[in-house]
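Peer 1: Structure for this input, please:
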Amino acid sequence: MIGSLMMCVSVVILLTGMLAGIVMGIQQDFTLAPAHAHFNLVGGVLLFLFGLYYRLVPAAGTTTLAKAQGWLHIVGAILFPAGVAIVL
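Peer 2: Take a look at the predicted model:
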């Protein structure tokens, strides 16, 4: 359950991050490039890999700790790049 959710959310985050990169490229303004990179890596790639692990090892994904990690990662994948963008 949590693995599927993490994988679906990661695809949405990755597509959003890629769209942000395309917009930056079109505008030739790369001020937010670090936020874009963190959004793609933390939100897209890492979230997908954790979700894939929980899908491949179903027993690991049923624990309370796995569910907490999944939800915290989803929230953090959005807040962390937002914080980087605010700092920039």
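
Peer 1: Show me where the protein has its helices.
Peer 2: 2-27, 33-38, 47-56, 58-61, 64-87 (DSSP state H).

Peer 1: what's the angle from the longest one to helix 64-87?
Peer 2: Relative orientation of helix 2-27 versus helix 64-87 (axes from the mean of the first three to the mean of the last three Cα atoms, to 10 degrees): 10 degrees.

Peer 1: buried sites along helix 2-27?
Peer 2: Buried residues in helix 2-27, counted by 16 or more other Cβ atoms under 10 Å: 2-3, 5-7, 9-10, 13-14, 16-17, 20-21, 24. Every C-beta, even on glycine, is put in place using the N, C-alpha and C of the backbone.

Peer 1: Which elements pack onto that helix?
Peer 2: helix 33-38, helix 47-56, helix 58-61, helix 64-87 (3 or more Cβ pairs under 8 Å, 6 or more residues apart in numbering; DSSP states H and E).

Peer 1: so how far is that helix off the chain centroid?
Peer 2: The chain centre lies 7 Å from the centre of helix 2-27; the measure is Cα atoms, centre = their mean, to the nearest Å.

Peer 1: What average pLDDT does it get?
Peer 2: For helix 2-27, mean pLDDT rounds to 94.

Peer 1: what's the angle from it to helix 47-56?
Peer 2: Using the same axes, to 10 degrees: helix 2-27 against helix 47-56 is 160 degrees.

Peer 1: Please tabulate the buried residues of helix 2-27 in JSON lines, including the columns distance to His73.
Peer 2: JSON lines is the format used below for those (distance: Cβ to Cβ, whole Å):
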{"residue": "Ile2", "distance to His73": "10"}
{"residue": "Gly3", "distance to His73": "12"}
{"residue": "Leu5", "distance to His73": "11"}
{"residue": "Met6", "distance to His73": "7"}
{"residue": "Met7", "distance to His73": "12"}
{"residue": "Val9", "distance to His73": "9"}
{"residue": "Ser10", "distance to His73": "9"}
{"residue": "Ile13", "distance to His73": "11"}
{"residue": "Leu14", "distance to His73": "14"}
{"residue": "Thr16", "distance to His73": "16"}
{"residue": "Gly17", "distance to His73": "15"}
{"residue": "Ala20", "distance to His73": "20"}
{"residue": "Gly21", "distance to His73": "21"}
{"residue": "Met24", "distance to His73": "25"}
